[in-house]
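**Student:** Task: produce atomic coordinates for the following.
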Amino acid sequence: MRDADAISPGSGEDWRPGADLAVLHLRAELLARIRRFFAEQDVMEVETPLLASTTSTDLHLSSLEVHCQIQGVDRLLFLQTSPEFFMKRLLAAGSGAIFQISKAFREGEVGQYHNPEFTLLEWYRPGFDCRALMDEIEILLGLLLDIGPAKRITYAEAFQRHANLDPFHTPLPQLREYTQRLGLRREDAACLDRETCLDLVLSQVVQPVLGTGPVFVTDFPAAQASMARLAIDDPLVADRFELFVDGIELANGYRELLDDQEQRARFLVDIDRRRQKHLAAIPVDDRLLKALRYGLPDCAGVALGFDRLVMLAVTAANLGQVMAFSCSRI
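**Tutor:** Just a heads-up that it's a prediction; the model follows:
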């Protein structure tokens, strides 16, 4: 497989796709298998807008802005980081189980596993909890990748086993000190909040040693539950999981929060924290909150990075090798 970055931008060959045609054929076949799988499960495929008047308030996501005129009025719109908000509005309207293969956009995300424009497979299952959804993901992966059964480990167990840390009770000063051992300067570590410390430990220490094959990490801290329900028996824990395959983060799923007031409160906390960090202001999605108030069915949902899935299928070194035209070729 050729190196997608071997041809420099502006050279005579930079018009060519970054992915081999054989990879693009496999990519098309994987999309067809996904659609067959959901058709057999009676899960409806939907399409939702890429542009919206608001977007995710997550502090770790930056949305691309689009300025345009609609009926003579200047509007600021956002390219969506995920189709989640619109899909939940469909669920509240009575759509039943749904899936979508959608483009998503995140500013500043460029690298081995990142491209500002990428493809997400996202689906929602009324009546499912996280355990049932993980079971379904495992079945789907078996149809798409040549891998064995998935292992499951809690977030706390993963940190204790691989980082010798208790992620729920270790004091913040100790977590900051730990990040210094990962190479951060003392003054930089002193500015980190708890969740950023944990994210660094997860990505740099825990994730690389989770092992080969698929691994579900479950029961994330409640502070990392932007739109997930909290565990009934432990308010410190979110009913959320992430899927890693060969150490690559592939999917993020959770049992959906149904309470519109709680969701509004979480949005407002995010917005305040964004203001403190001088990040772009994001308006609250009132239409989503109205949908939750009307009634979202008890459900679980997941977003899976399709481009990374193709990477795993062909053992590619980077996303540019499995996308027709990554950001280096536009």
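**Student:** now residue 216: how far from residue 262?
**Tutor:** 25 Å (Cβ to Cβ, to the nearest Å). (C-beta placed from N, C-alpha, C; glycine too.)
**Student:** quick one: which of the two has more around it?
**Tutor:** Applying other Cβ atoms under 10 Å to residue 216 and residue 262 shows that residue 216 carries more neighbours, namely 21 against 14.
**Student:** Show me the contact partners of the helix or strand harbouring the more buried one.
**Tutor:** Residue 216 is part of strand 214-218 when elements are defined by DSSP states H and E. The contact list for strand 214-218, computed with Cβ atoms under 8 Å, 6 or more residues apart in numbering, reads 130, 134, 138, 141, 147-155, 158, 210, 240-245, 250.
**Student:** So what sits opposite residue 125 in the bridge?
**Tutor:** residue 300 (DSSP bridges).
**Student:** if I read this right, it contacts residue 297, doesn't it?
**Tutor:** No: Residue 125 is beyond contact range of residue 297, at 9.6 Å (criterion: Cβ atoms under 8 Å).
**Student:** if you count what's nearby, which of the two comes out ahead?
**Tutor:** Neighbour totals were compared for residue 125 and residue 297, and residue 125 leads with 23 against 17 (other Cβ under 10 Å).
**Student:** ok, that one - contacts?
**Tutor:** 43, 97, 132, 133, 136, 299, 300, 301.
**Student:** Can I have the buried ones of these as a ChimeraX selection?
**Tutor:** Selecting the buried subset of the contacts of residue 125 in ChimeraX, with 16 or more other Cβ atoms under 10 Å as the burial test, is done by:
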select :43,97,133,136,299,300,301
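**Student:** which one of the contacts of residue 125 is nearest residue 28?
**Tutor:** residue 43 (20.2 Å; Cβ to Cβ).
**Student:** which SS state does residue 187 fall under?
**Tutor:** helix (DSSP: H, G, I helix; E, B strand; the rest coil).
**Student:** How about residue 326: what's its closest non-neighbour residue?
**Tutor:** Excluding its sequence neighbours, the residue lying closest to residue 326 (Cβ to Cβ, 6 or more residues apart in numbering) is residue 320, at 4.1 Å.
**Student:** just residue 43 next, same as before
**Tutor:** residue 97 (4.4 Å).
**Student:** Who are the contact partners of the one you found?
**Tutor:** Contacts of residue 97 (Cβ under 8 Å, 6+ apart): 41, 42, 43, 44, 123, 124, 125, 126.
**Student:** TSV for these, including distance to residue 284 and pLDDT?
**Tutor:** Shown next, in TSV, are these (distance: Cβ to Cβ, whole Å; pLDDT from 0 to 100):
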residue	distance to residue 284	pLDDT
41	34	97
42	34	98
43	30	98
44	28	98
123	25	98
124	22	98
125	27	98
126	25	98
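**Student:** Stretch 86-96: which residues count as buried?
**Tutor:** So, applying 16+ other Cβ under 10 Å, buried residues of stretch 86-96: 86, 87, 88, 89, 90, 91, 92, 95.
**Student:** Can you flag which of those belong to strands?
**Tutor:** Among those, no residue falls in strands (DSSP state E).
**Student:** from the residues you listed, which is closest to residue 119?
**Tutor:** residue 87 (15.4 Å).
**Student:** residues contacting the closest one?
**Tutor:** 46, 48, 98, 100, 122, 124, 301.
**Student:** which residues does the third one bridge with?
**Tutor:** Pointing back at residue 98 there. Legend: beta-bridge partners of residue 98 under DSSP bridges are residue 44, residue 124.
**Student:** Verify the stated contact: it with residue 124.
**Tutor:** Yes: counting by Cβ under 8 Å, residue 98 touches residue 124, with 5.6 Å between them.
**Student:** who has more neighbours, the two?
**Tutor:** The neighbour comparison of residue 98 against residue 124 (other Cβ under 10 Å) goes to residue 124, with 27 against 23.
**Student:** which residues touch the more buried one?
**Tutor:** By Cβ under 8 Å, 6+ apart, the neighbours of residue 124 are 87, 88, 91, 97, 98, 99, 256, 299, 300, 301.
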